[in-house]
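S.K.: no sequence on this one, just coordinates:
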């Protein structure tokens with residue numbers, strides 16, 4: 001397993017890569033410079049927990065994750081929803097994402113397949129909402145019903161604000 005941007009809390013049993021020498025990384029590298037120092041198809045699993053929003057090139061990072069993970073392997077991402085205050089109050093965040101931001105990499109690629117040839121199948125997505133909205137049942141609706149999630153993203157998310165999104169992808173090669 002590769003833990004991209006592992007920081008000081010590297011996943012147990014993983015190889016950690018980070019740019020910060022104060023981290024628990026096994027490999028120090030600039031995460032905005034591709035390729036990372038690993039061979040193609042080196043990992044069964046890759047995690048990037050609160051990392052993708054810090055990178056300059058989201059598409060390039062996803063393509064690099066695709067290169068590094070074996071066919072059928074998994075990629076797990078966590079990132080703030082763009083309506084959460086943490087998305088904009090951290091000056092190191094370069095991208096502000098929503099629950100549809102990775103559709104370019106899906107099988108039908110949202111009509112924009114020319115941006116990248118890397119393909120992932122989304123196997124799970126969990127959107128966490130601020131506590132009040134979770135207690136009122138909005139989080140259940142957003143996660144249980146895809147049409148409600150679309151309605152929420154289009155019309156409600158600036159009122160019923162998101163917190164964090166957890167994605168799990170299967171690498172398609």
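M.R.: All right, it came through fine. On a predicted model such as this, the values are computed, not experimentally measured, just so you know.

S.K.: Would you mind checking which helix or strand in this structure has the lowest mean pLDDT?
M.R.: Least confident helix or strand of the chain, by mean pLDDT, DSSP states H and E, is helix 85-89 with a mean of 91.

S.K.: so how far is that helix from its chain's centroid?
M.R.: For helix 85-89, the separation from the chain centroid amounts to 16 Å (computed by Cα atoms, centre = their mean, to the nearest Å).

S.K.: neighbouring contacts of it?
M.R.: Identification of contacts with helix 85-89 by Cβ atoms under 8 Å, 6 or more residues apart in numbering yields 53, 80-81, 93, 96. (C-beta placed from N, C-alpha, C; glycine too.)

S.K.: Looking at the residues you listed, which is nearest residue 135?
M.R.: Nearest to residue 135 among the contacts of helix 85-89: residue 81, at 17.6 Å, using Cβ to Cβ.

S.K.: Check the burial of the closest one by counting its neighbours.
M.R.: 23 (other Cβ atoms under 10 Å).

S.K.: which one is it nearest to, not counting chain neighbours?
M.R.: Nearest in space to residue 81, with sequence neighbours left out and distances taken as Cβ to Cβ, 6 or more residues apart in numbering, is residue 162 at 2.8 Å.
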